[in-house]
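A.B. asks: Here is a sequence together with a model predicted from it:
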Amino acid sequence: MAMALDTDPQTDDADLLARYALGDAGAARVLTVRLTPRAFAQAVRMLGDRAEAEDVAQEAMLRLWRIAPDWRTGEARVTTWLYRVVANLCTDRLRKRPRMSVPLEDVSEPADPTPSVEARMQSEARRDAVRAALADLPERQRIAVMMRHFDGASNPEIAQALGIGTEAVESLTARGKRALAAALKGQVSALGYEEG
Amino acid sequence: MNDMTQSPQGPGDDDRWIDRMLDEMADLPVGEVPDALMSRVLADADAMLPPPGGRVARAPWWRQFVESLGGWLAVGGLAAAAATGFAVGLGGLESIGVNVPWSLEYESYYDGTGAFDAFGWDMEEG
């Protein structure tokens, strides 16, 4: 299936969604090409599991199709709405996951710099720990931290997504990272760091 | 590749090791979107496609009302004009001898002492 090109790059997402709500199947195709890869990438980073990420991306897009007739142009950006939906779906899944099937303390530091099975396990354990800690953050802190680090979003972009002032973004992100640090503090060594 | 084995040192280190962890996750290759996923998303879209000419949500009633008056600028002007008219109206009442609410005082509104005097009760008690 070759479907990589956005055939209507000039048209705004909200306009395409309005066209879909009026029964335009072509608009759905453009939105699918434009938005599904973003939703999928975000879900892969948050979940670390491609199969689960596929489910989340499909569910998020399904919700988009469902909300299309009620979408109010000008009240929110489609990409922002979708970002939050994906983030919340991923968070729900992360919170249901059993925490740390392999205790971090049991994963020793690899002696050989080439990535061994142990090193890969440690990296994966580290990422799982960060994902779990992210899932425990309040929604706005989580989204601010993710947008900043995973998407390289600027303060104004984060502010717009969260409906807050630009000046509040720095403190929100800082609080999120402090909470992450507190949650992971006891595992610093096992995460691949040495406590100073 | 980030060096994940550096020791945190000094103020701000919390941020740095958290930053490195998050950056490491951001650097993970995501890979191509599976074609099967794109097909499923499109199939969902087709299944939920509204009929031709289906409805598009209308703006909420308050927004329709504001827009029918000419937008927020017009509503602001209207509010200012209404407030001015109200103040002018009250001023006009004062000029014909009617007390406007903010000029009423307790004493002039209810003079209890005068009423008791009128009945001569102060004389009886004296």
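C.D. replies: Structure's in. What do you need?
A.B. asks: my guess is residue A:135 contacts residue A:87, does it?
C.D. replies: No: at 9.6 Å, residue A:135 does not count as touching residue A:87 under the criterion of Cβ atoms under 8 Å. Where C-beta positions appear, they are placed from N, C-alpha and C, glycine not excepted.
A.B. asks: Now the common contact residues for the two.
C.D. replies: Residues touching both residue A:135 and residue A:87 (Cβ atoms under 8 Å, 6 or more residues apart in numbering or on different chains) are residue A:142.
A.B. asks: just checking, residue A:128 touches residue A:49?
C.D. replies: No: judged on Cβ under 8 Å, residue A:128 makes no contact with residue A:49 at a distance of 10.1 Å.
A.B. asks: Give me the more crowded residue out of these two.
C.D. replies: Using other Cβ atoms under 10 Å in any protein chain shown as the criterion, residue A:128 and residue A:49 rank with residue A:128 on top: 19 against 15.
A.B. asks: need the next SSE after the strand or helix carrying the more buried one, C-terminal direction.
C.D. replies: With elements taken from DSSP states H and E, the one containing residue A:128 is helix A:117-135. Counting by DSSP H and E, the next helix or strand C-terminal to helix A:117-135 is helix A:139-150.
A.B. asks: What is that following helix packed up against?
C.D. replies: helix A:25-47, helix A:78-96, helix A:117-135, helix A:155-162, helix A:166-184, helix B:13-26 (3 or more Cβ pairs under 8 Å, 6 or more residues apart in numbering or on different chains; DSSP states H and E).
A.B. asks: Mind doing that once more with 7 Å?
C.D. replies: In terms of contacts (3 or more Cβ pairs under 7 Å, 6 or more residues apart in numbering or on different chains; DSSP states H and E), helix A:139-150 is packed against helix A:78-96, helix A:155-162, helix A:166-184, helix B:13-26.
A.B. asks: Sort out which residues of the shortest one are buried, please.
C.D. replies: By 16 or more other Cβ atoms under 10 Å in any protein chain shown, the buried positions in helix A:155-162 come out as A:155, A:157, A:158, A:159, A:160, A:161, A:162.
A.B. asks: Give me the residues contacting it.
C.D. replies: Here helix A:155-162 makes contact (Cβ atoms under 7 Å, 6 or more residues apart in numbering or on different chains) with A:80, A:83, A:140, A:143, A:144, A:147, A:148, A:165, A:166, A:169, A:170.
A.B. asks: what pLDDT does the second one get?
C.D. replies: So the one you mean is residue A:83. The per-residue pLDDT reported for residue A:83 equals 93.
A.B. asks: cool, and the first one?
C.D. replies: According to the prediction, residue A:80 has pLDDT 90.
A.B. asks: That one: neighbouring residues, count only.
C.D. replies: 18.
A.B. asks: ditto for the third one
C.D. replies: The local packing of residue A:140 (other Cβ under 10 Å) involves 20 other residues.
A.B. asks: For it, which non-adjacent residue is spatially closest?
C.D. replies: residue A:162 (5.5 Å; Cβ to Cβ, 6 or more residues apart in numbering or on different chains).
A.B. asks: And the one you found, how far from chain B?
C.D. replies: Noted for residue A:162: a distance of 18 Å to chain B, by Cβ to the nearest Cβ, to the nearest Å.
A.B. asks: Likewise for residue A:22?
C.D. replies: 6 Å.
A.B. asks: Which residue, other than its chain neighbours, is closest to that residue?
C.D. replies: The nearest residue in space to residue A:22 (Cβ to Cβ, 6+ apart) is residue B:54, at 5.6 Å.
A.B. asks: tell me what the helix or strand bottoming out on mean pLDDT in chain A is packed against?
C.D. replies: Ranking every helix and strand in chain A by mean pLDDT, DSSP states H and E puts helix A:117-135 at the bottom, with a mean of 83. If you count contacts as 3+ Cβ pairs under 7 Å, 6+ apart, helix A:117-135 packs onto helix A:78-96, helix A:166-184, helix B:13-26.
A.B. asks: okay, now residue A:56: neighbour count?
C.D. replies: If we define neighbours as other Cβ under 10 Å, then residue A:56 has 25 of them.
A.B. asks: meant to ask about residue A:174
C.D. replies: Neighbours of residue A:174 (other Cβ under 10 Å): 14.
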